[in-house]
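# just a sequence and a predicted model for now, questions to come.
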Amino acid sequence: MERIYLDNAATTSLDPAVLEAMMPYLTTHFGNPSSIYSYGRECRMAIENARKSVAKILNAHPAEICFTSGGTESSNTAITAAVRNLGCKHIISAVIEHHATTHTVEYLYHNGEAALSYVKLLPDGHIDLEDLEKLLAESEEKCLVTLMHANNEIGNMLDLYAVGNLCKKFNAIFHSDTVQTVGHFPFDLRNMPVHFITGAGHKFHGPKGVGILYINENVKIKPLVHGGSQERNMRAGTENLYGIVGFAKALQLATEGYEKESAYIESLKLYMMEQLKKNIHAVAFNGDPLGRSLYAVLSASFPKTEKSEMILFNLDINNICASGGSACTSGADQGSHVINAINNNPNQVTVRFSFSKHNTQAEIDHVVAKLTELI
């Protein structure tokens, strides 16, 4: 039995065309991008071409794109810089953020560097924008608002324009963790009221260990990692050359395929919802799956029984990859902080299914049949 992979929000397979674009830089083009001879200049060129390509796709200036090791480093850099360099002494975030954000804001708060407030959530897991406005209006300090574009566990999407305009009104800095949306949706950063966004190559069939931080040209921050003058003095250390080339290629392919692939993936999600409702009594879906939501993520809750408690383990035995929430915390058995915040029902067990262009309807039929058996 072939493995069925339904955990694409955790990571995706590397596109063969991306590997092909990376190969020269893993073999013959191995110069140090900071070296002055032609060998190094070729590699510098490859990085700058990748930067231009990424900037063009996101409608940003190349100078606003900084290559990093991934979304976690990007969020750490932006949040820390907002507090230490941009004068934000009050952070407004949400309890359902990715740990790259929540652990960073908690660190700064416990370190005495900033006050911390959490915005209220609506019953469907969306951010309460009225509460956000109230927090901003009442704050005597300059605020950093850090709210993710799309939640990695339940798929709920934030209106970046609505939040960005609120931040503008109150002179706040706005950072959004867009790891689940860069490479999955079009961006127009020149017209988007946001100071920082993040991306990770491995979420859209690019390599792991490479990401971006967009830093709006109107904000000036200091690096988190000191040493050399790489990345326009923003991040010291020899660049992840083949990763950067791979990131740009993956983003290009994702953008070219967006219309067709997003429609196909969404059809799989809707099909799975229908089939689960048909076959499993009392299945429930978390968040706002038919509303403002990621087309690639479906969070389902099943009634908790002796059988279903072991559901992820049993799916794994049956060669089906899905997750209980976020892959980053799957080792810790505290359950999901996101699910606990919006659906604190101890009698349910939650599974996140996340899809890619490589999944098929036949795979979903197989998974639904297995789930029906297991529950």
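Nice, thanks for sending it over.

# tell me the phi and psi of the nearest residue to Phe187 once chain neighbours are set aside?
Nearest residue to Phe187, sequence neighbours excluded (Cβ to Cβ, 6 or more residues apart in numbering): Leu58, at 4.5 Å. For the C-beta atoms, the positions are set from N, CA and C on the backbone; glycine is no exception. Here is the backbone geometry of Leu58 (degrees, to the nearest 10): phi -90, psi 0.

# tally of neighbours for Leu58?
24 (other Cβ atoms under 10 Å).

# quick one: it from Ala81, how far?
Going from Leu58 to Ala81 by Cβ to Cβ, to the nearest Å gives 20 Å.

# equivalent analysis for Ala236, please.
15 Å.

# so which of the two has more stuff around it?
Ala81 (25 against 14).

# need the residues that contact whichever strand or helix holds that one.
Per DSSP states H and E, Ala81 falls inside helix 71-84. Helix 71-84 has contacts (Cβ atoms under 8 Å, 6 or more residues apart in numbering) with 66, 68, 88-89, 91, 98, 100-101, 104-105, 108, 113-114, 144, 146, 173, 175, 177, 179, 195-196, 198-200, 203, 211-213, 215, 221-224, 235.

# please apply the same query to stretch 43-60.
Stretch 43-60 is contacted by residues 25, 29-34, 61-62, 64-65, 67, 182, 187-191, 212, 214, 239, 241, 244-245, 247-248, 251-252, 255 when judged by Cβ under 8 Å, 6+ apart.

# pull out the buried members of those.
Among the contacts of stretch 43-60, those classed as buried by 16 or more other Cβ atoms under 10 Å are 25, 29, 31, 33, 61, 64-65, 67, 182, 187, 189, 212, 214, 239, 241, 244-245, 247-248, 251-252, 255.

# just those residues: which are in helices?
25, 241, 244-245, 247-248, 251-252, 255 (DSSP state H).

# Gly335: which of those is nearest?
Closest approach to Gly335 among those (Cβ to Cβ): Phe247, at 32.7 Å.

# what's near enough to touch the closest one?
By Cβ under 8 Å, 6+ apart, the contact set of Phe247 is 50, 54, 67, 199, 201, 206-207, 210-212.

# nearest to His366, of those?
For the contacts of Phe247, with His366 as the reference and Cβ to Cβ as the criterion, the closest is Gly206, at 27.9 Å.

# list the contacts for the closest one?
With Cβ under 8 Å, 6+ apart, Gly206 has these contacts: 12, 14-15, 18, 183, 246-247, 249-251.

# three-state assignment of Ile47?
helix (DSSP: H, G, I helix; E, B strand; the rest coil).

# quick one: it from Tyr242, how far?
Taking Cβ to Cβ, one finds Ile47 at 10 Å from Tyr242.

# among these two, which residue is more densely surrounded?
Tyr242 (23 against 20).

# circling back to that earlier point, just the pLDDT for the residue nearest to Phe187.
pLDDT for Leu58: 98.

# with the one 4 residues further on instead?
Pro62 carries a pLDDT score of 98 in this model.

# ok, now Pro346?
Value for Pro346, per-residue pLDDT: 84.

# residue contacts, the nearest residue to it once chain neighbours are set aside?
Once flanking residues are discounted, Pro346 sits nearest to Lys304: 7.3 Å by Cβ to Cβ, 6+ apart. Going by Cβ under 8 Å, 6+ apart, Lys304 touches 346-349.

# mind doing that once more with 7 Å?
Lys304 makes contact with 347-349, according to Cβ atoms under 7 Å, 6 or more residues apart in numbering.

# list buried residues within the residues you listed.
The neighbour count (16+ other Cβ under 10 Å) marks 348-349 as buried among these.

# show me which positions of stretch 338-354 end up buried.
338-343, 348-354.

# in strands only, show me these.
Using DSSP state E, the members of the buried residues of stretch 338-354 that fall in strands are 348-354.

# would you format these as JSON lines with distance to Ser229 included?
Shown next, in JSON lines, are these (distance: Cβ to Cβ, whole Å):
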{"residue": "Gln348", "distance to Ser229": "52"}
{"residue": "Val349", "distance to Ser229": "51"}
{"residue": "Thr350", "distance to Ser229": "46"}
{"residue": "Val351", "distance to Ser229": "47"}
{"residue": "Arg352", "distance to Ser229": "41"}
{"residue": "Phe353", "distance to Ser229": "44"}
{"residue": "Ser354", "distance to Ser229": "39"}
